[in-house]
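> Return atomic coordinates for the entry below.
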Amino acid sequence: MKSLGNYIKFSKCRYFKLSDRIKKIIFTSIIFISLIYNCYGQIKSYNTFGNNLKNNYIEYAIPVGLLDFDEELRDLQLLNIYKYNNSFNIRPIYTNYKFSYDSILNNIDTGIDFNVFTRNLKKVNYNLIPLSLQQKYTSDHPFGWSDGVFKNAKGYQSILSSGVNINYKNLLINIAPEYLYTENKNNPAFQNLPKVYKTYLGNSFVYLNIKNIIFGVSNQNLWWGPGVFNSLLMSNNAPGFMHFNISTVTPIKTFIGSFEFQLIGGKLTRDLSQGLETLSMNKPDSLNLYFPYIKDYSQFNDRYFNGISISFNPKFFKHFHLGIERAFQNYTRESIPNNFIQNYLPIFSLFTRNDYEDQINRDQYIAINGRWLFPKDHAEIYFESGFNDAFQNLRDFSLDLEHATAYIFGFKKLDLLSYRKYITYNLEFTRLSQTPSYLHRQAGNWYKNAQILEGYTNDNQIMGTGGGLGNNIQTLSVGYINNDFKIKLKLQHIAQDPNGIYDSGNGNNGLNEIKWNDYLIGYNIQKRYNKFMFKHSVDFIKSKNYNWVNNLDKNNFVINLSSIYLW
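Below you'll find the predicted structure:
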């Protein structure tokens, strides 16, 4: 109870009240000091404190979405190079001295010269986090997802990030702020939104590692589920949020199999000056009829989020991982007197409404997932299936199983040409639209339920699949990887809210004959030059009947360029 109180106190500290100018000065100072000290040179080599690392199982956290490092690590597992039996259902992945970040990068690209810890000061191991500049340009209307703090906006955007990673015995500290600029050009979805100049905490965290379990506070982007392009409940589509975190570093072995888990609780925010993804990027200009208990906007304060993800690898089924995820959110002004579990850990409540009854207004989600590996064939299949509401009882569950459901199903295959040279194929299907049962019982869109106006969002962006509120998505990706050179082609179809739910902008409860479809073709290339790594991608999107307007067709280009310097 004391640690939670400290967390809540910390989340309200003065840092969050600093002006943008002061935040810019702090961020610039970190970058400048880092550059000066890097020029000073190495104090001691990595080998001089290898024994010190053995006392601390955590070495580094591979950020979700930083280039393709976490996906390439997943490829190494399918190629039998990465020997740990991680499920990849809970990310980020943490490295250790046995399988270090340096060795992972070297397995991805033999020419990379980078050490996580190149400096030592009084037994404190530390290093500079790679300096990264991410840039994005969208030509006609907002598009794109799984890109962290980038806004769903038209025009130019950029993110500048670096920092320092500190490791002392069982303590791991990551200071990795991100500075965002968003141009916010006018487009049909919204007009006259202000430009954005904002500093985020980025993938910063403070963790204490005790016997392979970490405890601490974090602002990291997380990913739950086995999906490559999409996740139902947690991805890097929205910015990370401040949360407490208790999770495993590597799988915990037992006599029945291995377990991984992550338990978090934190604060979700929103920005009424920007558009909401759950309102088709419109700003809320009137209170929805679904929220009669809210009298004015002053009652829309921050939200408390509690979530858990668990993955199990049975001992008798070595290459199969089965997982479960659950999440709750409610406005922080609401609580249940003298009920710690219901206030802070509602994920431990029973599953049907007959077993418990909400005493406060909140939304909940639950999903199961599975990942089945075929290492000899360098392949895998995976799925994630979820419900965005609780069933009344087991009878309700059995009679209308598809009510308020969504799913992700995918297949991935690698064709090994030679060592570190292979072709990758990935096919993934995502269904967020309602099944026909909505004709007799409406469930709303997947990320918009009846209790929370903002829906399942943080900083106005959906925390799960960024492909849309009630959309169906099919994605095919084919790539060629050869050491330091990677190229991938992508084809994608997005059926924008095909059922026409009331709060999507379509507004005809499935009776609208006008269908909005997006057709995408794109590529991305990743290449290293000495200590610089570059990733460039271009997507062309043809939108048919844009915004459900008959015969309104739009052409849209989305261009990304990421540049990283490895100190």
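
> so what's Ile564 bridging to?
Using DSSP bridges, the beta-bridge partners of Ile564 come out as Ser132, Met533.

> what residues are up against it?
Neighbouring residues of Ile564 by Cβ atoms under 8 Å, 6 or more residues apart in numbering: 66-67, 130-132, 532-534. All C-beta spots, glycine's among them, are computed from the backbone N, C-alpha and C.

> just the buried members of these?
Neighbour counting with 16 or more other Cβ atoms under 10 Å marks 66-67, 130-132, 533 as buried within these.

> Any chance of a markdown table for those, columns distance to Tyr523?
Below are the buried ones among the contacts of Ile564 laid out as a markdown table (distance: Cβ to Cβ, whole Å):
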| residue | distance to Tyr523 |
| --- | --- |
| Leu66 | 20 |
| Leu67 | 15 |
| Pro130 | 24 |
| Leu131 | 25 |
| Ser132 | 21 |
| Met533 | 17 |
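
> ok, those residues vs Pro92, which is closest?
Leu66 (9.2 Å; Cβ to Cβ).

> can you tell me how far the closest one sits from Asn482?
For Leu66, the distance to Asn482 equals 21 Å [Cβ to Cβ, to the nearest Å].

> go on, Val64?
Separation of Val64 from Asn482 (Cβ to Cβ) stands at 25 Å.

> These two - which one has more neighbours?
Using other Cβ atoms under 10 Å as the criterion, Val64 and Asn482 rank with Val64 on top: 22 against 14.

> Helices of the stretch 101-250 of the chain, start to end?
Remark: helices assigned in the stretch 101-250 of the chain by DSSP state H, counting those that start in this stretch are 101-108.

> so which two of the contacts of Ile564 are the farthest from each other?
The most distant members of the contacts of Ile564, if one measures by Cβ to Cβ, are Leu66 and Phe532, lying 14.5 Å apart.

> The chain: helices as residue ranges?
Under the criterion DSSP state H, the chain contains helices at 2-11, 20-40, 50-54, 69-78, 101-108, 340-344, 394-399.

> Lowest average pLDDT across those?
For the helices of the chain, the weakest mean pLDDT is recorded on helix 2-11, namely a mean of 39.

> Excluding sequence neighbours, find me the nearest residue to Glu402.
Thr435 (4.2 Å; Cβ to Cβ, 6 or more residues apart in numbering).

> Likewise for Gly65?
Leaving out its chain neighbours, Gly65 is closest to Asn236 (Cβ to Cβ, 6+ apart), at 4.4 Å.

> likewise Ala379?
Once flanking residues are discounted, Ala379 sits nearest to Lys413: 4.4 Å by Cβ to Cβ, 6+ apart.

> I'd guessed that neighbour sits against Tyr425; true?
Yes: between Lys413 and Tyr425 there is a contact at 4.7 Å, judged by Cβ atoms under 8 Å.

> Give me the more crowded residue out of the two.
Lys413 (17 against 14).

> Could you give the number of residues near Leu193?
21.

> Enumerate every residue touching it.
If you count contacts by Cβ under 8 Å, 6+ apart, Leu193 has them with 153, 184, 186, 273-275.

> Pop out the phi and psi values for it.
Phi and psi for Leu193, reported as degrees, to the nearest 10, are phi -80, psi 140.

> surely Tyr156 meets Ser139?
No: checked against Cβ under 8 Å, the pair Tyr156 and Ser139 is beyond contact range at 10.3 Å.

> hey, where'd the strands end up in the stretch 251-400 of the chain?
For the stretch 251-400 of the chain, the strands defined by DSSP state E, counting those that start in this stretch cover 252-253, 257-268, 303-314, 320-331, 362-374, 379-387.

> Also compute the angle for the third one relative to strand 320-331, please.
Using axes from the mean of the first three to the mean of the last three Cα atoms, to 10 degrees, the inter-axis angle of strand 303-314 relative to strand 320-331 is 170 degrees.

> who does strand 303-314 touch, helix- and strand-wise?
Applying 3 or more Cβ pairs under 8 Å, 6 or more residues apart in numbering; DSSP states H and E, we find strand 303-314 packed against strand 257-268, strand 320-331.

> Need the winner for burial among those strands.
Ranked by mean neighbour count, those are led by strand 320-331 with a mean of 22 (mean count of other Cβ atoms under 10 Å).

> That strand - what's its average pLDDT?
Mean predicted lDDT for strand 320-331 stands at 94.

> and that strand, which strands flank it?
Assessed with DSSP bridges, strand 320-331 is paired to strand 303-314 (antiparallel), strand 362-374 (antiparallel).

> What residues of the last one count as buried?
Within strand 362-374, the residues scored as buried using 16+ other Cβ under 10 Å are 362-371, 373.

> JSON lines for those residues, including pLDDT and distance to Glu402?
What follows is the buried residues of strand 362-374, written out as JSON lines (pLDDT from 0 to 100; distance: Cβ to Cβ, whole Å):
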{"residue": "Arg362", "pLDDT": "83", "distance to Glu402": "23"}
{"residue": "Asp363", "pLDDT": "87", "distance to Glu402": "19"}
{"residue": "Gln364", "pLDDT": "88", "distance to Glu402": "18"}
{"residue": "Tyr365", "pLDDT": "92", "distance to Glu402": "16"}
{"residue": "Ile366", "pLDDT": "92", "distance to Glu402": "15"}
{"residue": "Ala367", "pLDDT": "95", "distance to Glu402": "14"}
{"residue": "Ile368", "pLDDT": "96", "distance to Glu402": "15"}
{"residue": "Asn369", "pLDDT": "97", "distance to Glu402": "18"}
{"residue": "Gly370", "pLDDT": "97", "distance to Glu402": "18"}
{"residue": "Arg371", "pLDDT": "97", "distance to Glu402": "23"}
{"residue": "Leu373", "pLDDT": "96", "distance to Glu402": "28"}
